[in-house]
Each structure stands twice: as structure tokens, then as C-alpha cells.
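# here you go, sequence then predicted model.
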Amino acid sequence: MALDLGTDLDLESDLTEECSTVPGIRCLSQALVRRWSTPRGMLLDDAYYGTDLTEYLNEDVDESVLAQMRSDIVAEAEKDERVRLAEVLESSYDFATGSVTMSVAITLPDDGTVFTLVVSITKVSVELLRVEP
């Protein structure tokens, strides 16, 4: 039996009047982006939820900062019970825009399905650019 990845409100940009929902991989993808943009300790019932990746861009970005961001992305994603394994495939820093783009492979625990998230991290947001099967 396949793992139920859930259904949640579509919060990719903003709530719509229709309060549309997203199921499955899209739901999990948006949940991971929320984890990566929520400062640790801000969730009342889980003091260990979240890591605010935007904070890393308030300092000089070098390879050690990118390495710490990659480590935090993996650790936070693997806290979600719907994720068996997370691996950062690519990361790059754009000096012109001051943003980081990360490509993250997510392996599901039930059947080993793998999908890739591509996210953009700026000083103010973590944005889901695309989900690739």
C-alpha cells in the first residue's frame, strides 16, 4: 500500500478564495519548503521544527555557508516521516541576485519513489521553483 502523503491547503503563493488544496508529492513539497523557511522554535508544539535558510544569506556566502545550508536542508527534510532520504544534488550561489538555488532529491519510504525539488533561497524567502518526477 502506497504511503499517503496527505492533502493540505495550497500555500505556494497565497490562499485563494476557493481555498484550493494540493495532494501527494505537491503537498509534501510545500511542507518541506515551510520547514526550510520557519525559524527553529517558532512552532508552538514542536521546538525542533524548522530551519530558516534565509538567515544564511545575511552573511558572506562562501563554500562553508553553502555546505551548512545543504546539511540543514537534509536534516530538516528527514525529520518529516514521509521522507526516507534527502540529498542535495546541486547548489549554486548567484552573486548578482544574492540568491541560492538548490536541487534536492527526496526518496519516499514506502516504495523508494524519488522526486526532485528545486528551490530558490533569498534573504526574504524560500521559494519552490519546480517539482520534477
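Structure received.

# all contacts plus neighbour counts: C-alpha atoms, from now on.
Will do.

# what are the ranges of the helices in this structure?
24-37, 63-77 (DSSP state H).

# tell me which of these is the most buried.
helix 24-37 (a mean of 20; mean count of other C-alpha atoms under 10 Å).

# tell me the angle of that one relative to helix 63-77?
130 degrees (axes from the mean of the first three to the mean of the last three C-alpha atoms, to 10 degrees).

# starting at the chain centroid, how far to helix 24-37?
Offset of helix 24-37 from its chain centre (C-alpha atoms, centre = their mean, to the nearest Å): 6 Å.

# which neighbouring elements make contact with it?
strand 7-9, helix 63-77, strand 126-132 (3 or more C-alpha pairs under 8 Å, 6 or more residues apart in numbering; DSSP states H and E).

# ok, back up a step: and the helices of the chain, which one is worst for confidence?
Looking at the helices of the chain, the lowest mean pLDDT belongs to helix 24-37 (a mean of 94).

# put the alpha carbons of that helix into PDB.
Extracted in PDB, the C-alpha atoms of helix 24-37 (Å, rounded to 0.1, in the frame of the first residue of the first chain):
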ATOM      1  CA  GLY A  24       0.600  13.900  -2.600                       C
ATOM      2  CA  ILE A  25       4.100  15.000  -3.700                       C
ATOM      3  CA  ARG A  26       3.000  18.600  -4.200                       C
ATOM      4  CA  CYS A  27       1.700  18.600  -0.600                       C
ATOM      5  CA  LEU A  28       4.900  17.200   0.800                       C
ATOM      6  CA  SER A  29       7.000  19.600  -1.300                       C
ATOM      7  CA  GLN A  30       5.200  22.600   0.100                       C
ATOM      8  CA  ALA A  31       5.500  21.200   3.600                       C
ATOM      9  CA  LEU A  32       9.300  20.900   3.100                       C
ATOM     10  CA  VAL A  33       9.600  24.500   1.900                       C
ATOM     11  CA  ARG A  34       7.700  25.600   5.000                       C
ATOM     12  CA  ARG A  35      10.200  23.700   7.100                       C
ATOM     13  CA  TRP A  36      13.100  25.400   5.400                       C
ATOM     14  CA  SER A  37      11.700  28.900   5.900                       C
END
